[in-house]
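Trainee: model this:
(2 chains)
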Amino acid sequence: MSSRVINWFRFSSPAAFYPLARRIAIVSTAIAVILIAVGLYMSFFVAPTDYKQGEGYRIIFVHVPASWMSMFIYVIMAGWAALGLVFNTRLSAMMAQALAPTGAMFAFLSLWTGSFWGKPMWGTWWVWDARITSELILLFLYLGYMALRSAIDDPRRGDRASAILLLVGVVNVPIIYYSVQWWNTLHQGSTIRLNEESTMDDTMLTAMLIMTLGFWAYSIAVAMVRVRSVILERERSAGWAQEMVARGQ
Amino acid sequence: MLEALDMGKHALYVWGSFGMTALCMIAEPLLLRGRYRQIRKRIARLARLEQEVRHEGQA
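Mentor: Here you go, the predicted structure:
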């Protein structure tokens, strides 16, 4: 029985995680391609035209998944940062480092697509509304984390300093999420609600959820490839890393 | 079928959003592949160098 139990701590070593990351990346890439293809098909060919916003509402199929991912990824990075500070595992910091550029990209995409949605619906590209401003702060937190991480030469010190920045910044995530309830904003309220029925057509909701799962799989795939690069960059003098590269892995 | 892709007066906004998302989600994996290949090359060079140094030490 005990031989069947997986020792998860084994994978906290970069050398053990490196080959596993490759397998996860391959599976996630396949899932991402399929889900995004189905999601795009549903976004344009299955979901009906909105009675109020016409065709313009279709931006929701990239705007909402990108916005959710920008928040999820930050929370996951903060989780890795906390793990790294508590257990002093090197891989935790590497995982946070591998997720940051993807999170920043989704925060940027959330603002970009939001802006392209705001112009036809509200008549303006930008407004200093609570939701939009807090999302902009999230983008700055990602950029600040990456700048701090690369400014400190000693990797272990950089890991700790940037982990603390991540944990402090996590307070911004509930602010983004609840901003439409706490303040009177131009941004519309939540379409998906946890405790009551969603205010959306079923096919629209399904398309949006499929796109979100596709973006999840994409993020996992990209983070796994990036963490392999980060591991190699940081362990380049280690014998195992040179052996893996020589074996083509 | 192509009628479904006609976004009418919202074409600029819908395609501007989907276009930028596609650009980013295609560019990121490509840039990443470049970075990954570069570090692998560097490590292979490092390993060769160390081997040469070891051989010279033995000679």
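Trainee: how about low-confidence regions in chain B?
Mentor: For chain B, residues meeting the criterion pLDDT under 70 lie at B:1.
Trainee: Double-check residue A:50 against residue A:57; I have them as touching.
Mentor: Yes. Counting by Cβ atoms under 8 Å, residue A:50 does reach residue A:57; the two are 4.0 Å apart. All C-beta atoms are positioned from the backbone trio N, CA, C, and that covers glycine.
Trainee: Who has more neighbours out of the two?
Mentor: Set residue A:50 next to residue A:57 and count neighbours by other Cβ atoms under 10 Å in any protein chain shown: residue A:57 wins out with 22 against 15.
Trainee: For chain A, which residues are neighbours of chain B?
Mentor: Chain A has residues A:44-45, A:54-56, A:58-59, A:62-63, A:66, A:101-102, A:105, A:108-109, A:112-113, A:116-117, A:119-120, A:218, A:221-222, A:225-226, A:228-229, A:232-233, A:236-237, A:241-242, A:245-246 near chain B, with proximity defined as Cβ under 8 Å from any Cβ of the partner chain.
Trainee: Could you rerun that using 6 Å?
Mentor: A:44-45, A:55-56, A:58-59, A:62, A:105, A:109, A:112-113, A:116, A:120, A:225-226, A:229, A:232-233, A:236, A:242, A:245 (Cβ under 6 Å from any Cβ of the partner chain).
Trainee: Can I take it that residue A:190 is in a helix?
Mentor: No. Assessed with DSSP: H, G, I helix; E, B strand; the rest coil, residue A:190 is coil; it does not lie in a helix.
Trainee: What is the neighbour count of the spatially closest residue to it that is not a sequence neighbour?
Mentor: Excluding its sequence neighbours, the residue lying closest to residue A:190 (Cβ to Cβ, 6 or more residues apart in numbering or on different chains) is residue A:180, at 6.5 Å. By other Cβ under 10 Å, the residues close to residue A:180 number 17.
Trainee: Wait, residue A:180 touches residue A:189, no?
Mentor: Yes. Residue A:180 lies in contact with residue A:189 (Cβ atoms under 6 Å); the separation is 5.0 Å.
Trainee: now the helices for chain B?
Mentor: In chain B, the helices defined using DSSP state H lie at B:11-58.
Trainee: Need the outlier residue of it, farthest from its centre.
Mentor: Largest separation from the mean C-alpha position in chain B: residue B:59, at 42.6 Å (Cα atoms, centre = their mean).
Trainee: Of all the residues in the host helix or strand of the residue nearest to residue A:190, which ones are buried?
Mentor: Element membership of residue A:180, judged by DSSP states H and E, is helix A:172-182. In terms of neighbour count (16 or more other Cβ atoms under 10 Å in any protein chain shown), helix A:172-182 has its buried residues at A:172, A:173, A:175, A:176, A:177, A:179, A:180.
Trainee: could I get those residues as a markdown table with pLDDT?
Mentor: Output for the buried residues of helix A:172-182, formatted as a markdown table (pLDDT from 0 to 100):
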| residue | pLDDT |
| --- | --- |
| A:172 | 92 |
| A:173 | 92 |
| A:175 | 92 |
| A:176 | 91 |
| A:177 | 88 |
| A:179 | 88 |
| A:180 | 85 |
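Trainee: Endpoints of stretch A:50-59, how far apart?
Mentor: 12 Å (Cα to Cα, to the nearest Å).
Trainee: from the residues of chain A next to chain B, which would you call buried?
Mentor: A:44, A:55-56, A:58-59, A:62, A:105, A:109, A:112-113, A:116, A:120, A:225-226, A:229, A:232-233, A:236, A:242, A:245.
Trainee: Out of the helices and strands in chain A, which is least certain?
Mentor: Sorted by mean pLDDT, DSSP states H and E, the helices and strands of chain A end with helix A:239-246, the least confident at a mean of 86.
Trainee: packing partners for that one?
Mentor: Applying 3 or more Cβ pairs under 6 Å, 6 or more residues apart in numbering or on different chains; DSSP states H and E, one finds that helix A:239-246 contacts helix B:11-58.
Trainee: Show me what the helix it packs on is packed up against.
Mentor: Using 3+ Cβ pairs under 6 Å, 6+ apart as the test, helix B:11-58 ends up in contact with helix A:60-87, helix A:90-122, helix A:202-234, helix A:239-246.
Trainee: In terms of mean pLDDT, which of those helices ranks lowest?
Mentor: Among these, helix A:239-246 has the lowest mean pLDDT, at a mean of 86.
Trainee: Now that one: buried residues?
Mentor: In helix A:239-246, the ones that count as buried by 16+ other Cβ under 10 Å are A:241, A:242, A:244, A:245.
Trainee: Against residue B:26, how distant is the third one?
Mentor: In other words, residue A:244. Note on residue A:244: its distance to residue B:26, by Cβ to Cβ, to the nearest Å, is 28 Å.
Trainee: does residue A:127 really touch residue A:187, like I thought?
Mentor: No. Residue A:127 is beyond contact range of residue A:187, at 8.6 Å (criterion: Cβ under 6 Å).
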